[in-house]
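S.K.: Fold the stuff below for me.
(chains A and B)
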Amino acid sequence: MTASEKTSPDPVLVRARDVHKAYGDHEVLKGIDMDVRVGETVVILGPSGSGKSTFLRCINHLEAMQKGSILVGEEQVGYVWRNGTLYRATPSQIARQRRGIGMVFQQFNLYPHMTVLQNIVEAPVGVYGEKRSEAEAYAHMLLKRVGLSEKANAYPRQLSGGQQQRVAIARALAIRPRLMLFDEPTSALDPELVGEVLATMRDLAQSGLTMIVVTHEISFAREAADRVIFMDGGRIVEEGPPGRVLVNPSHPRTRAFLNRVI
Amino acid sequence: MAAINPSGSAMVADPSAGRDVALAVSPANHVRRGLTAIVLLLALHMAWLIVANEAFQWHVVFNWLFDPSVMQGLMVTLGLTVVAMVLGTVIGLVLAICRLSGSRIASGFAGLYIWFFRGTPMLVQLIFWYNLATLFPEIAITIPFGPRLIGWDTNALITPLTAAIVGLALNEAAYMAEIIRAGLISVDPGQNEAAQAFGMTRQRALRRIIIPQAMRSIIPPTGNQLISMIKGTSLVSVIAMNDLLYSVQAIYNRTFEIIPLLMVAVVWYLFVTSILNVGQSYIEAYYARGDRRGEVRPATVPDPEPA
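M.R.: Numbering: from 1, shown residues only, chains lettered A, B, ... in the order given. Below is the predicted model:
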């Protein structure tokens, strides 16, 4: 039994309510409310230190929050609701809850001692018990999709940053996620390599995958986002369709930020 | 990625544009050549002094080199080294994980263990284990402060062999714990995050992701430890364990050919450590895979990037 009592199909995949997080005295998140619908691409913008990455990492419980709740589907990652009590989940429960949530990191975090193919099939085979042959076939398909078919046997360090990040995207897709989290996926890339990664992400957004993207790339927000959320000082300052938030922002903070970035 | 075509280093025809560096040669360094010659000469002379020295009694060395009792001593040394090293590494791994764990009790215990075993002489520890019976005449499994379930006579349990294994392994564990801990924290924390985000348990992340990467910095100091362990086993001769050193001592106590028999031990110790050195370089090469940036990358055209 999970927390949800609703029986009607709910198009909301991620539901965050009043999320608070502090490191010691420093409050990073001061009450975030956010709904992300199935198939939606939500881009979170905001200056450094606005808490956007921290919020993203709370969604799959890489960071623990201190107050509030985040539901992903029926699960509250990191917690188990049983017999009227909310228990902190055990590590193996958390591992199971993270199934279906793919994540792409700023620093790629590919496993350097494994080839591209091994990187991609590691979780499907080792964690989710897929058959190796099937996982490898799917991995080859994903590599084709991100345009790196010939790199299956390369090691990450033999690839450019952009190629590594595309492998990281393929690795995240290999667990057949229903939600993808992107944590500043292009911030560690040389400028000329940003385009290839954003192109891959645009394709994904169009394919109907649910995506939450923390980024500084206004162009990506403009072209691929269904909704843009602007965060500042641990709060959501403004949100709406990119056509409005990016072109005609209502909040002075958003305006100041956009002026500086563009 | 723009790569310079290696075959395209065209000759610079016009000297006014400078000269092609491909034609450059190193100038003769006479000081360096002279020093090299002197050092070689000194080394050669040193070798001659040893080989030609009657006092070393090389014929005696060769007489005893493959003597059955020496071979048996060598086997004991090797066996002790392997068993103590394996046990020490396993216990060390557990200690390292305890030390890095969030639990204060676990990391405190590991810290205390390391403090004690690194802080006392190996020789004292060995003698201590050998004489354990004087402290605890019986070793028993009991419920703490409660009834005793099963017990053994310590004197029957602690032979020179078990004392040697326990002493060497527990001491080694303290050093291996620190080596492994250093290796584990050398791995980028992003690796652990990625493993977690992909649903791996802590155990699986350690086994598949963290430890294989930590091995790169664990192997070299472990090779060091292994070599000092081989020589360290010679300490067990004090508790009447017939290792390599003990066996040559037993011979020269009869024949008084002290130096040649010590040379027998020296030759075997050097032989074994040399083999280990070779083995270590192979293991290092294995764990360096994925780090051979220049070697594997073929000098081909950069792959076509999708727009």
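
S.K.: what sits against the residue nearest to B:L157 when sequence neighbours are not counted?
M.R.: The spatial neighbour of B:L157 that comes closest, neighbours along the chain excluded (Cβ to Cβ, 6 or more residues apart in numbering or on different chains), is B:I139 at 5.9 Å. Yep, even glycine has a C-beta here, placed from its N, CA and C like the rest. When contacts are counted by Cβ atoms under 8 Å, 6 or more residues apart in numbering or on different chains, B:I139 touches B:151-152, B:154, B:157.

S.K.: Neighbour-wise, give me the winner out of these.
M.R.: Most neighbours among the contacts of B:I139, by other Cβ atoms under 10 Å in any protein chain shown: B:T154, with 17 neighbours.

S.K.: Could you tell me the model confidence score at that residue?
M.R.: Confidence at B:T154, expressed as pLDDT, is 82.

S.K.: Spit out the contact partners of it.
M.R.: B:132-133, B:136-139.

S.K.: so the residue nearest to B:L157 bridges to which residues?
M.R.: Under DSSP bridges, the beta-bridge partners of B:I139 are B:W152.

S.K.: That one and chain A: what is the separation?
M.R.: From B:I139 across to chain A, the span is 36 Å (Cβ to the nearest Cβ, to the nearest Å).

S.K.: and that residue, how far is that from B:L168?
M.R.: Using Cβ to Cβ, to the nearest Å, we find B:I139 at a distance of 19 Å from B:L168.

S.K.: Same check on A:R227?
M.R.: 65 Å.

S.K.: do the same with A:T54
M.R.: 49 Å.

S.K.: More neighbours: those two, which one.
M.R.: The residue with more neighbours, out of A:T54 and B:L168, is B:L168; 26 against 22, by other Cβ under 10 Å.

S.K.: So for the helix or strand hosting that one, what gets flagged as buried?
M.R.: B:L168 belongs to helix B:160-186 when elements are defined using DSSP states H and E. Neighbour-count burial for helix B:160-186 flags B:160-161, B:163-181, B:183-184 (criterion: 16 or more other Cβ atoms under 10 Å in any protein chain shown).

S.K.: Return the residues in contact with the nearest residue to A:A170 once chain neighbours are set aside.
M.R.: Closest residue to A:A170 apart from its sequence neighbours, by Cβ to Cβ, 6+ apart: A:L142 at 4.1 Å. Residues in contact with A:L142 (Cβ under 8 Å, 6+ apart) are A:120, A:170, A:173-174.

S.K.: from those residues, which is closest to chain B?
M.R.: Set against chain B, the nearest of these by Cβ to the nearest Cβ is A:A174 (9.2 Å).

S.K.: these two touch, right, that closest one and A:A135?
M.R.: Yes - between A:A174 and A:A135 there is a contact under Cβ atoms under 8 Å: 7.0 Å.

S.K.: The two: who's more crowded?
M.R.: A:A174 (25 against 22).

S.K.: Report the contact partners of the more buried one.
M.R.: For A:A174, counting by Cβ under 8 Å, 6+ apart, the contacting residues are A:120-121, A:123-124, A:135, A:138-139, A:142.

S.K.: From A:L173, how far off is the closest residue in space to it that isn't next to it in sequence?
M.R.: In this structure, A:A174 finds its nearest non-sequential neighbour in A:I120, 4.8 Å apart by Cβ to Cβ, 6+ apart. Note on A:I120: its distance to A:L173, by Cβ to Cβ, is 9 Å.
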